[in-house]
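Q: coords below, sequence missing:
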């Protein structure tokens with residue numbers, strides 16, 4: 001009789017325990033929700049500094065770095081990088097070095113990685129594709145104009 005009572009009590013106490021794992025879609029759905037929330041926050045911050053192009057660029061860069069740190073990528077690809085209106089229209093963007101010291105350092109590191117992979121064209125192309133995408137998400141299109149495509 002004691003064994004049966006123990007079994008009933010154990011069954012009752014475990015009745016509220018979830019035996020099945022949460023649906024597999026809960027993880028990706030939650031991540032997507034977090035990504036959209038982070039993108040809305042970034043867009044809101046950018047809107048708040050839209051009158052100051054230099055500050056908008058800094059806010060964007062810091063925001064994208066935070067997103068990459070949090071999610072491993074920039075899920076806000078639909079938010080364009082702000083451009084500085086102080087650049088003269090006559091100066092070609094492809095021949096100038098980045099004005100931002102952080103961007104210049106990132107471009108130097110990018111060029112060094114490409115140089116290290118010079119003997120392996122497939123690896124160099126992969127590094128270029130990945131690096132270009134990451135730098136474009138941080139600093140806008142053509143982030144490192146002095147770094148030639150392999």
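A: Nice, thanks for sending it over. Keep in mind that this is a model prediction, so the values were computed, not measured. Residues are numbered from 1 along each chain as shown.

Q: CA atoms for contacts and neighbours, from now on please.
A: Fine.

Q: Just the element for residue 68, please.
A: Element membership for residue 68 (DSSP states H and E) is helix 53-71.

Q: quick check: longest helix of the chain.
A: Assignment by DSSP state H gives helix 26-48 as the longest helix of the chain.

Q: now the angle between helix 53-71 and that helix, please.
A: Calculated by axes from the mean of the first three to the mean of the last three Cα atoms, to 10 degrees, helix 26-48 forms an angle of 170 degrees with helix 53-71.

Q: Burial check on residue 82, number of neighbours?
A: Using other Cα atoms under 10 Å, residue 82 has 20 other residues around it.

Q: Skip the chain neighbours and tell me the closest residue to it.
A: residue 57 (5.6 Å; Cα to Cα, 6 or more residues apart in numbering).

Q: Can you name every helix or strand that the helix holding residue 68 contacts?
A: When contacts are defined as 3 or more Cα pairs under 8 Å, 6 or more residues apart in numbering; DSSP states H and E, helix 53-71 packs onto helix 26-48, helix 121-139.

Q: Looking at the record's assignment, how would you partition this protein?
A: Here the domain parsing of the chain from automatic domain parsing is 32-84, 94-150.

Q: Return the per-residue confidence for the residue nearest to residue 76 when sequence neighbours are not counted.
A: Among residues not flanking residue 76 along the chain, residue 39 sits closest, at 5.5 Å (Cα to Cα, 6+ apart). For residue 39, the pLDDT comes out at 89.

Q: what do you get for residue 89?
A: Each residue has a pLDDT score; the one for residue 89 is 42.

Q: Kindly report the same for the one 3 residues further on.
A: We note a pLDDT of 43 for residue 92 in this prediction.

Q: before we move on, the earlier item: mean neighbour count, the helices and strands packed on helix 53-71: which tops it?
A: helix 121-139 (a mean of 18; mean count of other Cα atoms under 10 Å).

Q: got the angle between that helix and helix 53-71?
A: 120 degrees.

Q: Report all helices and strands that helix 121-139 contacts.
A: Counting contacts by 3+ Cα pairs under 8 Å, 6+ apart, helix 121-139 packs against helix 53-71, helix 101-116.
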